[in-house]
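[1] One predicted model, sequence on top.
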Amino acid sequence: MKFDTPAGTNPIDNKTVVGRPTSRIDGPLKVSGTAPYAYERHDVVPHQAYGVILGAAIAKGRINRIDSAEALRAPGVLAIVTHENAGKLGKGKMNTAKLLAGPEVDHYHQAVAVVVAETFEQARDAATMIRVDYARTKGRFDLMEQKDAPLVGGSSGEGSGAPPIDRTGKFEEAFAAAPVKVDVTYTTPDESHMMMEPHATIAAWEGDSLRLWTSNQMIAWGKGDVARTLGIPADKVRLDSPYVGGGFGGKLFVRADAIMAALGAKAAGRPVKLALARPMIPNNTTHRPATMQRVRLGAGQDGKLTAIAHESLSGDLPGGGPETAVSQTKLLYAGANRLTSMRLAVLDLPEGNAMRAPGEAPGLMALEVAMDELAEKLGMDPVELRIVNDTQVDPEKSGRAFSQRHLIECLRTGADRFGWNRRNSKPGQVRDGRWLVGMGVAAGFRNNLLMKSAARVRLERDGRATVETDMTDIGTGTYTILAQTAAEMLGLPLDAITVRLGDSDFPVSAGSGGQWGGNNSAAGVYAACVKLRGLVAARLGLGDNPEFAGGKVTGGGRSVQLLDAVKAGPITAEDGIEYGDLDKTYQQSTFAAHFVEAGVDAWTGEVRLRRMLAVCDAGRILNPKAARSQVIGAMTMGAGAALMEHLAVDKRFGFFVNHDLAEYEVPVHADIPHQEVVFLDYPDDKSSPLKAKGVGELGLCGVGAAIANAVYNAAGIRVRDYPMTLDLHL
Ligand code: MOS
């Protein structure tokens, strides 16, 4: 089904099931520990052996020699695969570095070998007996040493041919002439996804066909990249990933667990199960790259921005891409004179890539603090400053409207709900015992992406319906919103719908990434249901467009039980949503206002969050309960980014030192105060027939800045280097 004109009224608008705060269908499985995660699928294939990966002990250089003799003789060892016996391997489209090192080593903990043994302990023990002789070469590990790294034309997509500096109007002249201005530089650190479930795969060969039970956000990308890496046809690869214990972008791509399990299984002639040990994940897999961001804002005394510049520096391995931290600055505020650019340094650290809201999450931690700094210089309320600079059109492409944009309503609603009028605009004035107390605000912004997505729906003889799509549920509520969509479309109760996800034999979906999963995959199910409704109507002879409600189909003056349609056998329909140019005609984005109250201990400088509020404008909310869970989780992640999270780089040896959850600090419940989430819930008829948009990443965008601004308002200290830890700054 092509979606290329704004959606008219359709069954989703009835909202008898869609739009209800529905508990997750998979919730009981999750809380009872019975959801079958990849590493726990003991029953899918017999005789599973265990794989353990040995990671490179150097960041850059060559492997001279690998001596596996002792390890091979160790008890229980079935096989060892290294670059010397792996055969020719390719590289996945989505991988920057190869997943098996050799003879070159590209980064620390890049896989060097996999040991397969009868038990996990035997494999782990034998891995320590492999002797690798490395020739270490000098690497580049310090981003700040490469401030003049080359500009990349990546702000409109890497390799898009976009000019390396995006300009609208005349920034330099306007900035020089601006009566009020700020010129400030912020840094954000490398961060790790630290999802609960580690990357894990069980691999089994049946002849030349490979099955992988794995944990992956993007099944079709994964299938293609496994085939590319192993040099086998894609139709010989089947991935199954029905439950994913968090991904945050770290499982968008095939990683070493899948490839090394497949290689180990081939060598051992046995299925192999393999999980990345927690201390291997930050250096073996991807991370959010550190940035240095300079923001210059010039405004008139009325607060209207006349000049906006945002320049970002980040690094990655050769062939990698930048952290697109300037994306939101192109679209968030009006202003005639604008400049954005990104520099990309070559670093020999592990591979940088997407982590939840890549680009906007760190980008807003700079832009939205700069706005706060500007508001103070102007003597203007920070909420008002954002309101006077609102735009209803893309400021770089004049006349191109946003499909919807209610940022002002987010800010006003939030200010009202939060009691913003009680904020003292002078910092360091409000005391509560030993705590200095302050409030901060930031705008949130994240684009809404349209991706084609397909599904298959089968109406069974017993009147139940089954939805199948290779879409994933990474803890986001996909099972539930897809069931809600099918229930609404077929006029069935929610518990009459079974949703099956994550199998690459199912129709190809949008997958889970970039907050595009919910809207697009639900639209794919909608398309399949429209087709199914047509088949049902034809079988029942009910003419065009009958109504489906309460288990009945009504059309042409007749009302028939839906069950009657399947007396002669089940009916299956497969279709997908495909988009025309609606996202080119209209800029599609999501908006938020984040409000935070923070306390700063007057004696120790300790920061404690006291209250958090998010007001979100993200189209129709398909399931307010699931969406709220997404947003409060994202707000928690924003607290981590502002106050705790930081992969520490060893600049001598080129690796992330704090590579486990003992030393990489993330928020716990005790760090998070009362959180409130408000959804404006305006259906956007240009986003899809569901009229929904992404919301999961929006919840993170702007949170860090709101916290930084609250800390400043509390203590009068402006911290521009994240995370805002006491040891460094107070
Ligand atoms: Mo998200 S970082 O695109 O999984």
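    Now that the structure is in, tell me what you want to look at.
[2] which helix is the longest one in the protein?
    helix 517-540 (DSSP state H).
[3] which residue packs closest to the residue of the chain found nearest the ligand, ignoring adjacent ones?
    The ligand sits closest to residue 249 of the chain, with a gap of 2.5 Å, by Cβ to the nearest ligand atom. In this view, the C-beta of every residue, glycine as well, is placed from N, C-alpha and C. Counting by Cβ to Cβ, 6 or more residues apart in numbering, residue 249 lies nearest to residue 354, which is 3.7 Å off, once chain neighbours are set aside.
[4] Can I take it that that neighbour is in a helix?
    No. According to DSSP: H, G, I helix; E, B strand; the rest coil, residue 354 belongs to no helix; its state is coil.
[5] Report pLDDT for it.
    Looking at residue 354, its pLDDT reads 98.
[6] Settle this for me: it is touching residue 221, isn't it.
    No. With contacts counted by Cβ atoms under 8 Å, residue 354 stays clear of residue 221, the gap being 11.9 Å.
[7] List the residues that are in contact with both of those two.
    residue 252 (Cβ atoms under 8 Å, 6 or more residues apart in numbering).
[8] More neighbours: which of those two?
    Using other Cβ atoms under 10 Å as the criterion, residue 354 and residue 221 rank with residue 354 on top: 23 against 20.
[9] and stretch 711-728, which residues are buried?
    The neighbour-count check on stretch 711-728 (16 or more other Cβ atoms under 10 Å) flags 711, 712, 713, 714, 715, 718, 719, 720, 722, 723, 724, 725 as buried.
[10] roughly how far apart are the residue nearest to residue 249 and residue 330?
    19 Å (Cβ to Cβ, to the nearest Å).
[11] Check residue 626 too.
    As for residue 626, its distance to residue 330 is 30 Å (criterion: Cβ to Cβ).
[12] Those two: which has the busier surroundings?
    Using other Cβ under 10 Å, the more surrounded residue of residue 626 and residue 330 is residue 626, with 25 against 20.
[13] What residues does the stretch 101-250 of the chain have near the ligand?
    For the stretch 101-250 of the chain, the residues in contact with the ligand (Cβ under 6 Å from any ligand atom) are 217, 247, 248, 249.
[14] do the stretch 401-550 of the chain as well
    With Cβ under 6 Å from any ligand atom as the criterion, the stretch 401-550 of the chain comes near the ligand at residues 513, 514.
[15] before we move on, back to that, who touches the residue of the chain closest to the ligand in this structure?
    With the criterion set at Cβ under 8 Å, 6+ apart, residue 249 makes contact with 193, 217, 286, 288, 353, 354, 355, 356, 358, 513.
[16] hmm, back to that, which pair in the residues of the stretch 101-250 of the chain next to the ligand has the greatest spatial separation?
    217 and 248 (9.0 Å; Cβ to Cβ).
[17] what about the spatially closest residue to residue 131 that is not a sequence neighbour, how many neighbours?
    Nearest in space to residue 131, with sequence neighbours left out and distances taken as Cβ to Cβ, 6+ apart, is residue 67 at 4.1 Å. Residue 67 has 12 neighbours, counted by other Cβ under 10 Å.
[18] hang on, isn't residue 67 packed against residue 130?
    Yes. Shown here, residue 67 and residue 130 form a contact pair, counting by Cβ under 8 Å, at 7.1 Å.
[19] so when I look at the residue of the chain closest to the ligand, I'm seeing a strand, right?
    No. Counting by three-state DSSP, residue 249 is not part of a strand but coil.
[20] For stretch 564-580, give the mean pLDDT please.
    The average pLDDT within stretch 564-580 is 97.
[21] Same check on stretch 298-305?
    Stretch 298-305 comes out at a mean pLDDT of 98.
[22] Now for the residue nearest to residue 131: which residues touch it?
    Counting by Cβ under 8 Å, 6+ apart, residue 67 has contacts 130, 131, 132, 133.
[23] Next one: the last one from residue 125, what distance?
    Spelled out, that is residue 133. From residue 133 to residue 125 the distance is 21 Å (Cβ to Cβ).
[24] more neighbours, those two?
    For residue 133 and residue 125, the more surrounded residue by other Cβ under 10 Å is residue 125, and the numbers stand at 18 against 10.
[25] Can you tell me what sits against the strand or helix carrying the more buried one?
    Residue 125 is part of helix 120-127, with elements assigned from DSSP states H and E. Residues outside helix 120-127 that contact it (Cβ under 8 Å, 6+ apart): 49-54, 71-72, 74-77, 80, 113, 115-117.
[26] So which other helices or strands are in contact with whichever helix or strand comes after that helix?
    Per DSSP H and E, the first helix or strand lying C-terminal to helix 120-127 is strand 131-136. Packing partners of strand 131-136 (3 or more Cβ pairs under 8 Å, 6 or more residues apart in numbering; DSSP states H and E): strand 61-67.
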